[in-house]
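Peer 1: Sequence first, then the predicted structure, then my questions.
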Amino acid sequence: MNIEYVKASIDDCDEVIDLANYVFSAAHGPTDFPTLLPKLYSREYFMDSIHYIAKEDSRIKAVVGAYPLEMKVMAETLPGRGIGMVSVHPYARSRGYMKTLMNIALEDMRHDGVVFSCLAGQRQRYEYFGYTPLGTLLTFDCNKRNTRHTLGPDFVSSLSLKRLTEKDDALLDAIHQMHGAKPCRATRQRDRLFALLSSWRANVYAISGSAFLGYLIQRGNDITELNLSESERYPEVIKLLLDTLGEESVTVRARPEEQRKIAVLSGFAESCKLRSAYSFAFFDFYRTLKAFVKLTCATRRVSDGSVIIKIGDDVPFTLTVSGGTPSFTPATGHADISLPSMAEAARFFFSWITPFADEQTKALLFLQSLLPLPLSWESADEV
């Protein structure tokens, strides 16, 4: 049997998608990737990503997709790749194809100067490749009783919801501009915006009063993205959506740096849950760390302080914040915080669990005000 590990060409497109559809349908129910994720699997977009494939005698038996991404953290642009469509034909399992393809993809990322990679999947499976659940995502449970008691039983909204199609250019322009103003976000191409926002079988709504006010992305009872220029109107928009959908309740997601949004939602929502945002691996951890420390200092009050940190065998560094301005300098003294590996460092800085569970953090007010760093990832940008 002849086994090849290669990158897919456009001639492989149909076979790659057929294999992934078969594998995911067998595991999770009916799946059609071009319908589920048009931003990636419309035929015209197929070659914009890298599909690593394993062939047995010229027939594709396994696929790992790597999709170019960018994360903008204020002025810093971090290039990344998302891993998805990991598929192995049931009759070809236990032959090491997925492991080999993942390692090839990771080596290419290192060679190509990629800063981070992200994915969704079973934790222990992907921790072998350096990925771990990180970041912070808040979800608020909101129901009709919450909005009725907040707004009053006779409240009538002056806002309107418009479900968008790819032809609503002016509103999509406004959405693209609003999202692009966020201090931390994935880069979204305007010419693919509707395909991206409507992936995962989502609906996109524009919210307007006398002018454009914001937008939301709805998938079932989950509002995966909701952004308004007037934050006090979140209860009103949620009531309007519940009435439009004929539903009793929805969940609304928020990123950790969206402090005003979190304050308004927490003031009336039935409950709130906190969880990791996505699984990440870093190839340039220090570049990522510096970007998110700057973001944190720009978006919330951080106490002045200084700490010496050592990661693995790397040279220790001093992290200082003075007057809201962070700095990183080499250090020679004894480390205040010692982290045995990059994986441990990623969890220390980017996991929402750190302030609760890490004894080293509890002893330093400076770190309590700084951590966790506000890493997050929005559903529309998942792969």
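Peer 2: Structure's in. What do you need? Numbers count the residues shown, from 1 in each chain.
Peer 1: for stretch 349-369, which positions count as buried?
Peer 2: Residues of stretch 349-369 classed as buried under the neighbour-count rule (16 or more other C-beta atoms under 10 Å) are 349-352, 354, 358, 361, 364, 366-367, 369. Any C-beta I mention is one placed from the backbone N, CA and C, and that applies to glycine too.
Peer 1: again with stretch 86-96
Peer 2: Quick answer for stretch 86-96 (16+ other C-beta under 10 Å): 86-89, 92, 95.
Peer 1: can I get those in CSV with secondary structure?
Peer 2: Shown next, in CSV, are the buried residues of stretch 86-96 (DSSP: H, G, I helix; E, B strand; the rest coil):
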residue, secondary structure
V86, strand
S87, strand
V88, strand
H89, coil
A92, helix
R95, coil
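Peer 1: contacting residues around stretch 353-366?
Peer 2: 302-307, 321, 336-337, 347-348, 367-368, 371-372 (C-beta atoms under 8 Å, 6 or more residues apart in numbering).
Peer 1: Next, give me the two most distant ones among those.
Peer 2: D304 and R347 (25.3 Å; C-beta to C-beta).
Peer 1: Under the pLDDT cut-off, which ranges of the protein? List them.
Peer 2: 358, 362-363 (pLDDT under 70).
Peer 1: Give the other helices and strands that the helix or strand harbouring L241 contacts.
Peer 2: Per DSSP states H and E, L241 falls inside helix 234-245. Applying 3 or more C-beta pairs under 8 Å, 6 or more residues apart in numbering; DSSP states H and E, we find helix 234-245 packed against strand 137-143, helix 144-151, strand 160-163, strand 212-219, strand 222-228, strand 249-254, helix 259-266.
Peer 1: closest to C272 out of those?
Peer 2: So among these, strand 137-143 is nearest, using C-beta to C-beta, at 5.2 Å.
Peer 1: List of residues touching that closest one?
Peer 2: 238, 242, 248-256, 262, 265-266, 268-277, 376-377.
Peer 1: Give the PyMOL command for selecting the buried subset of those.
Peer 2: To isolate the buried ones among the contacts of strand 137-143 in PyMOL, judged by 16+ other C-beta under 10 Å, type:
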select buried, resi 238+242+250+251+252+253+254+255+256+262+265+268+269+276+277+376+377
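Peer 1: Using the record's assignment, carve the protein into domains.
Peer 2: 3-132, 137-275, 284-370 (automatic domain parsing).
Peer 1: could you point out which element follows the host helix or strand of I175?
Peer 2: I175 belongs to helix 169-180 when assigned by DSSP H and E. With elements assigned by DSSP H and E, the helix or strand that comes after helix 169-180 is strand 184-186.
Peer 1: Just checking: what are the partner strands of that next one?
Peer 2: strand 59-73 (antiparallel) (DSSP bridges).
Peer 1: buried sites along the partner strand?
Peer 2: For strand 59-73, by 16+ other C-beta under 10 Å, it's 60-67, 69, 71-73.
Peer 1: again with stretch 212-225
Peer 2: Quick answer for stretch 212-225 (16+ other C-beta under 10 Å): 212-219, 222-225.
Peer 1: Now do the end-to-end distance for it.
Peer 2: 16 Å (C-alpha to C-alpha, to the nearest Å).
Peer 1: now what about it, what contacts it?
Peer 2: By C-beta under 8 Å, 6+ apart, stretch 212-225 touches 159, 171, 174-175, 178, 197, 200-207, 226-230, 233, 237-238, 241, 245, 247, 249-253, 378-380.
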